[in-house]
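Enquirer: Fold the following for me, if possible:
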Amino acid sequence: MPWPRSGAILIGLTVLAVGLMGCASSSNTAGGSDDAAPAPANTGRDTGAAVARGDELLQQGALEAALAEFERVIETNPEVTLAYMRAGDIYRQQGDFETAERRYGRAAQIEPQNFDAQYLHGLTLQLLSRMDDAVRAYLRALSVRPGDFNANLNLGTAFLQLGEPEQGLPYALRATEIRPTDGPARVNLGATYAALDRHAEAVREYESASELMTLGPELLVNLAESQGQLGRYAQMEGTLRQVIRMDPSASVWERLGSAQFRSRRYQDALESFTTAVNKDPNHYPAHNGVGVCLLNRYLWSGKTDTAALDGAMAAMRTSLTIRRDQPRILELLTRYNR
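Expert: Alright, predicted model coming up:
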């Protein structure tokens with residue numbers, strides 16, 4: 001049963017997007033990330049025949065029967081790495097990551113130098129959000145095969161998920177060096193740079209990724225945020241308008257309003273914030289945007305436009321009813337409330 005061989009996790013900075021592209025043991029190895037020479041299998045004649053029967057059942061699509069065959073091999077000869085790997089593949093395909101992790105973990109214990117066992121153990125640990133353990137497993141995999149693309153890529157994302165982008169940067173960079181035209185690798189490197197406040201480099205990587213793959217709304221929002229951090233508000237607005245064509249959600253309209261406000265286009269900003277409020281009355285940042293725009297209008301009028309002040313206070317009160325822990329908004333409400 002020829003499953004996809006590579007497994008990689010793609011992470012965005014603002015919105016975490018975990019995408020398992022698939023990874024399975026090949027017919028001759030105890031797992032697989034990149035192509036490499038087969039790892040030795042420690043099977044005897046009888047268990048080898050049983051594993052072969054399980055593989056035949058896999059080819060026929062009989063996953064449960066194949067799994068039962070591999071589990072029988074494990075029960076009768078608990079040192080057969082390949083049986084653990086095949087069983088782990090099936091459990092992972094079924095979404096049972098906890099059992100898959102135990103199977104891959106045992107395979108990795110039996111053969112510490114088996115790259116695929118270490119790598120797939122790391123992959124399932126990452127899917128279970130056990131990031132510290134995943135990092136250790138990926139490091140063991142890379143000690144066997146330092147130039148593996150997926151292991152470098154996923155280790156970089158694991159460090160990013162742990163909030164340690166500086167630790168992950170060498171691995172994110174290495175992934176792009178191994179495959180310079182891989183879009184997900186560019187995205188992950190961009191997210192790492194953004195987490196390090198290196199936004200010019202983040203924008204460069206996101207833009208490179210956009211030439212290699214179609215960026216979804218979450219990743220375009222990441223690009224827009226880095227553009228905004230650089231003061232490139234016109235570019236930020238252009239990127240967000242791309243997002244709105246795909247996902248006209250309140251959060252995107254609110255970000256657009258923020259870009260327009262920072263560009264000093266206050267009326268456009270007010271309209272975008274109002275659109276966000278209309279789309280989602282519980283999106284408190286949009287209420288804050290409306291409030292700040294109207295408060296500025298009141299101040300610019302020489303404090304004569306009391307209707308703008310009343311509207312600002314109402315928007316901020318609404319925001320505080322949705323989320324109370326906003327000291328800056330509370331301070332503005334207290335200062336200008338009449």
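Enquirer: In the stretch 101-250 of the chain, mark out all the helices, start to finish.
Expert: Listed in chain order, the helices of the stretch 101-250 of the chain (DSSP state H, counting those that start in this stretch) span 115-127, 131-144, 149-161, 165-178, 183-195, 199-210, 217-229, 233-246, 250-262.
Enquirer: Could I get these in JSON lines, plus columns for distance to residue 90, mean pLDDT and mean neighbour count?
Expert: For glycine as for every other residue, the C-beta is placed from the backbone atoms N, C-alpha and C. Formatted as JSON lines, the helices of the stretch 101-250 of the chain follow (distance: least, C-beta to C-beta, whole Å; pLDDT from 0 to 100; neighbours: other C-beta atoms under 10 Å):
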{"stretch": "helix 115-127", "distance to residue 90": "12", "mean pLDDT": "96", "mean neighbour count": "29"}
{"stretch": "helix 131-144", "distance to residue 90": "20", "mean pLDDT": "97", "mean neighbour count": "20"}
{"stretch": "helix 149-161", "distance to residue 90": "20", "mean pLDDT": "96", "mean neighbour count": "27"}
{"stretch": "helix 165-178", "distance to residue 90": "28", "mean pLDDT": "97", "mean neighbour count": "19"}
{"stretch": "helix 183-195", "distance to residue 90": "26", "mean pLDDT": "96", "mean neighbour count": "25"}
{"stretch": "helix 199-210", "distance to residue 90": "33", "mean pLDDT": "96", "mean neighbour count": "20"}
{"stretch": "helix 217-229", "distance to residue 90": "31", "mean pLDDT": "94", "mean neighbour count": "23"}
{"stretch": "helix 233-246", "distance to residue 90": "36", "mean pLDDT": "95", "mean neighbour count": "18"}
{"stretch": "helix 250-262", "distance to residue 90": "39", "mean pLDDT": "95", "mean neighbour count": "24"}
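Enquirer: who wins for proximity to residue 269 among these?
Expert: Comparison of those against residue 269 by C-beta to C-beta identifies helix 250-262 as nearest, at 3.9 Å.
Enquirer: how far out from the middle of the chain is the closest one?
Expert: In this view, helix 250-262 has its centroid 23 Å away from the chain centroid, taken as C-alpha atoms, centre = their mean, to the nearest Å.
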